[in-house]
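>>> Give me coordinates for this.
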Amino acid sequence: MSWWALAAPVAVIAALYLVPGWALLRAAGVRGLLAVGAAPALSAAYLGVAGLALDRAGIAWGWVPLVGGLVPLVAVAALCGRAVRRAAAQRGLAPGGPWSSGYGLGRRRSLVLAAALAASAVTFLVPYVIGLGAPDAVVQQWDAVFHASGVQLIRDTGNASMLGAMQGQYGAAAPGVYYPVVWHAAASLAPGSVALVMNASVMVIGAGVWLLGLAALGRVLGAGAAWSLAVWTPVLGAAFGLFPSRILVELSQFPLGLALAVIPGALALFLAASRTAPGELGLTSGARRGVTFLVLLTALAGVALAHGAGLFSLLLVLLPAVLLRLVRGVRHWWVSGRRRAAVVLSLAFGFAFLLGFALVLTSPAVRAVAAYTYDVHDFFAVTLYRTLFDLPTAPTVPGLWPLALLTVLGAVVVARRSELAGVRWLVWSAGAVLVVAMAAAGGLGPLRILGGPWYSQVPRIVAVFPVVAAPLAAIGLLVLAGWVRRRWPGIRGAAAIVVLVAFVATVGWSAPWKAERGGRYTLPEPIQWGTMLSAQELALIERLPQTTPADAVILGDPANGAAFAYSIAQRRVVFPQLDPSNQSPAQRTLRFGFHQLTQAPAICEAVRELGVTHFYQDTSTVEEGAKVSEDWPGLTNPVTVDRLDGLAQVDTTPDGQATLYEVTAC
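Reported below is the predicted structural model:
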């Protein structure tokens, strides 16, 4: 398949992530880079709410209701923007906050930014494409199986609601089971095979949503003279492997990846909303205050609807900024004589923070997530080193050392220079991420529960680090470039020279290592953590539309590739994912006892209840590189002579390792 096949799904997914949010923000009066960078957060909110509303109304997920529902919301946004502009005009002021004209770049700077974004996109895409191998490569990873089935499920059912869209993945879950499906909903509307649109979505998120958000964040942080932060923040953000490569490419955690990618744009919107320049309408205006609240609430909802952990990730980097602003306000009140108000506000905020913190940690949902444990017990210094030096997507020694040095330099400069006090929260936010990561890794003892909202999985937590590390590194770069210019006045483009030297020194920001790690989950073999489908087995699955009827139901071990029959060949499967929990009694009967097909009457009862027509079995062993799970004993025991009376061979691989049977015993 030609790589051009990705053009259509990339364009569709990019439109779904950008157009709804941009239309809403632009109608409300937010313009330029801020509107583009923050658009994906609002788009995620719209897609999430639309999926829920359409399901409640009994309307199938599709383009017509999606576009039709956006039109009145854009009209409402226009009315909101008009209210802000009218309030500003009545006072003879310009609209402030996200409506400020101070975030514009002008034509020349916009062209520079466009070139920087293109170069940053290439930095991510080249190793990704090399590792992928083919545009429609099937990613053989635990999470990828679930998400592939999820996309096909929405295509089949027309249900894109977070409360029930994934019901078909759980045999015994209660109706309305929750799962964040914004990513699945967008992918389901893109043209092409499920594998093709999954790979296209990674490109859009990693090379589009993420970089545009970082550019918007850099622009807000560098409002004024340091406009080039908008350029260098995405350039350096693209170098990280912690995100997006680790989350999207290696772990296939696509919903979480989308949530993390929209955080920089949402963060830029929050920061812009809190500012008022001289001559601008302030938050004392009811119109600006009310509309600002609606805009920020929508962005916050978008992050949360993309993935619940995204909300905690945003709060992890946003709360230090809120706290520092609060401290400055309380200090100002204290100095100006309003000491009672300062004390009351401090106590009220402290009580609210502790209460909220306690409610989160004692929440049944959070405790259930925190119950997930990973066998990681790293000394805190190990976690610190691995995060700063971008491991494991860079060589262990010396790691991605230029990026680490620039980040540390930026943090030191921000902490020491009074003129940068307004962005000092970046240092505190980076510290907060590192503390939570070290706790989740087991390096801080009982504080490990802090990692609960991220399943206590360190890669999910450190993926937040580039959100604040990229602008810190950009600040460090500008400081270093300034030193170079002072030392050698004749040098022009010092920042670009530093980046180019670092890029070459790290072999394209660790591109070979990223490509190699990404290629571990696609053919050709071997596949990291075990091969689910060899090339011959993949061909057998792709032949299912010719070898089985459209209403066929395939039984087989999902870890050995049977689950892919649904997303690749559109044949229903008994087990569409690898997680053995939440299964119906009939599913458990087959999972543990199908090898007794001709001996136990209960097996045929379960076969008839689930409508099973075919059985797929792969006899490859762990020693041969296959992924074999101990959770499915009834499906992994090889077919024996006594069972052949109940099965009829339909298809097999040339090596005889995988065979498709028709179930005739029942």
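
>>> And for the one helix or strand Arg588 maps to, what's in contact with it?
Per DSSP states H and E, Arg588 falls inside helix 585-593. The contact list for helix 585-593, computed with C-beta atoms under 8 Å, 6 or more residues apart in numbering, reads 171-172, 555, 574-575, 580, 583, 600, 602-603, 605-607, 609-610, 612, 631-635. Where you see a C-beta, it was placed from the backbone N, CA and C, and this is true even at glycine.

>>> go again using 6 Å as the cut-off
For helix 585-593, the surrounding residues in contact (C-beta atoms under 6 Å, 6 or more residues apart in numbering) are Gly171, Ala602, Ile603, Ala606, Glu609, Leu610, Trp632, Pro633, Gly634.

>>> Out of the residues you listed, which end up buried?
In terms of neighbour count (16 or more other C-beta atoms under 10 Å), the buried residues within the contacts of helix 585-593 are Gly171, Ile603, Ala606, Leu610, Trp632, Gly634.

>>> quick one: which two of the residues you listed are the most distant?
Greatest spatial distance among those (C-beta to C-beta): Gly171 and Ile603, at 16.4 Å.

>>> mind checking the SS state of the nearest residue in space to Ala83 that is not next to it in sequence?
With sequence-adjacent residues excluded and distances taken as C-beta to C-beta, 6 or more residues apart in numbering, Ala83 is closest to Ala287, at 4.6 Å. Three-state call for Ala287 (DSSP: H, G, I helix; E, B strand; the rest coil): helix.

>>> What's the local residue count around Ala287?
Using other C-beta atoms under 10 Å, Ala287 is surrounded by 19 other residues.

>>> how near is it to Ala78?
For Ala287, the distance to Ala78 equals 14 Å [C-beta to C-beta, to the nearest Å].

>>> re earlier: going by distance to Ala299, which of the contacts of helix 585-593 wins?
Gly171 (36.3 Å).

>>> Identify the residue spatially nearest to the closest one, adjacent ones excluded.
Of all residues not flanking Gly171 in the chain, Ser584 sits nearest, at 3.8 Å (C-beta to C-beta, 6+ apart).

>>> Distance check, Gly257 against Thr619.
Relative to Thr619, and taking C-beta to C-beta, Gly257 is found at 35 Å.

>>> These two: who's more crowded?
Neighbour count, other C-beta under 10 Å: between Gly257 and Thr619, Gly257 has more, with 28 against 17.

>>> so what pLDDT did that one get?
What the model reports for Gly257 is a pLDDT of 98.

>>> returning to what we had before: which members of the contacts of helix 585-593 are the farthest-apart pair?
Farthest apart among the contacts of helix 585-593 by C-beta to C-beta are Glu609 and Pro633. That separation is 20.1 Å.

>>> and after the helix or strand Ala309 falls within, which helix or strand comes next?
In the assignment (DSSP H and E), Ala309 maps to helix 308-335. Later in the chain than helix 308-335, the nearest helix or strand by DSSP H and E is helix 339-362.

>>> helices and strands around that next one, which ones?
Where contact means 3 or more C-beta pairs under 6 Å, 6 or more residues apart in numbering; DSSP states H and E, helix 339-362 is packed against helix 308-335.
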